[in-house]
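**Q** model the following, please.
(2 chains)
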Amino acid sequence: AQKITQTQPGMFVQEKEAVTLDCTYDTSDQSYGLFWYKQPSSGEMIFLIYQGSYDEQNATEGRYSLNFQKARKSANLVISASQLGDSAMYFCAMRESHGNQFYFGTGTSLTVIP
Amino acid sequence: NAGVTQTPKFQVLKTGQSMTLQCAQDMNHNSMYWYRQDPGMGLRLIYYSASEGTTDKGEVPNGYNVSRLNKREFSLRLESAAPSQTSVYFCASSEAGTGGRGYTFGSGTRLTVV
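**A** This next block holds a predicted model:
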């Protein structure tokens, strides 16, 4: 089974609108971390936001927030007030407490339309 | 600037040639990783090193070897390159545990095997 599932290969959003990128995960660990990374066309991987499995509040970092629904095993990224510079690939990732590696989803390509 | 330095940025190889991708980090992280990124497949783990002196296979290790030279450096070697190894390669490092900022990535190597 896939550890991380991103079901939206591509998304479009109007500039200044909010957009939600979906991510579901699969783990039997009680302790784990969830991450979102941005990959612009230049290719580098940029850390956006982190949510710990024991965190009761949703994580926020500026215009980014993580909608964490533990029972549903989902960790959706919400980008508010989209900007043209938000056009990029977005990857959801998870790290379990018992392992050392991160598991990545296949990514969502976001295009912001002026 | 502190981070992960990966070289080279671009490389073209002929089938059967060998090469080594270099990676160094200056954040005193114990764990280092090599991933490959292919369209539609996200990032797949090739090898990782949980600490100096140890290496372990990831999801797609065939055709690759690694060396953890010291705490800072983790190299990836292709002994006999094949067209299927055309990809973008990322080195990353991380702290232990499930929290924090997750991985710090290098800028990537775009490898083409002809």
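**Q** given the least confident helix or strand in chain B by mean pLDDT, what are its sheet partners and their directions?
**A** One helix or strand of chain B scores below all others by mean pLDDT, DSSP states H and E: strand B:104-105, with a mean of 90. Strand pairing for strand B:104-105, using DSSP bridges, gives strand B:87-94 (antiparallel).
**Q** export the strand it pairs with as CSV, just CAs?
**A** Extracted C-alpha coordinates of strand B:87-94, given in CSV (Å, rounded to 0.1, in the frame of the first residue of the first chain):
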residue,chain,number,x,y,z
SER,B,87,16.6,11.1,-13.8
VAL,B,88,17.0,14.0,-11.4
TYR,B,89,18.9,13.0,-8.3
PHE,B,90,18.6,14.6,-4.9
CYS,B,91,20.7,14.3,-1.9
ALA,B,92,19.2,15.2,1.5
SER,B,93,20.1,15.2,5.2
SER,B,94,18.0,15.3,8.3
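**Q** so what touches it?
**A** Strand B:87-94 has contacts (Cβ atoms under 8 Å, 6 or more residues apart in numbering or on different chains) with A:43, A:45, A:102, B:4, B:6, B:21, B:23, B:25, B:27, B:29, B:31-38, B:43, B:46, B:74, B:76, B:100, B:102-106, B:108-111. In short, each C-beta sits where N, CA and C put it, glycine included.
**Q** so B:Ser84 belongs to a helix, correct?
**A** Yes. Counting by DSSP: H, G, I helix; E, B strand; the rest coil, B:Ser84 falls inside a helix.
**Q** A:Ile4 contacts A:Cys23, correct?
**A** Yes. If you go by Cβ atoms under 8 Å, A:Ile4 and A:Cys23 touch, sitting 6.6 Å apart.
**Q** after the least confident helix or strand of chain B, next one along is what?
**A** Once the chain leaves strand B:104-105, the next helix or strand it forms, by DSSP states H and E, is strand B:109-113.
**Q** got the angle between that following strand and strand B:87-94?
**A** In terms of direction (axes from the mean of the first three to the mean of the last three Cα atoms, to 10 degrees), strand B:109-113 departs from strand B:87-94 by 150 degrees.
**Q** pLDDT on strand B:109-113, on average?
**A** Mean pLDDT, computed over strand B:109-113, is 96.
**Q** distance from the least confident helix or strand of chain B to the middle of the chain?
**A** Chain-centre distance of strand B:104-105: 11 Å, with Cα atoms, centre = their mean, to the nearest Å.
**Q** contact partners of that strand?
**A** Contacts of strand B:104-105 (Cβ under 8 Å, 6+ apart): A:37, A:44-45, A:47, B:3-4, B:25, B:27, B:29, B:90-94.
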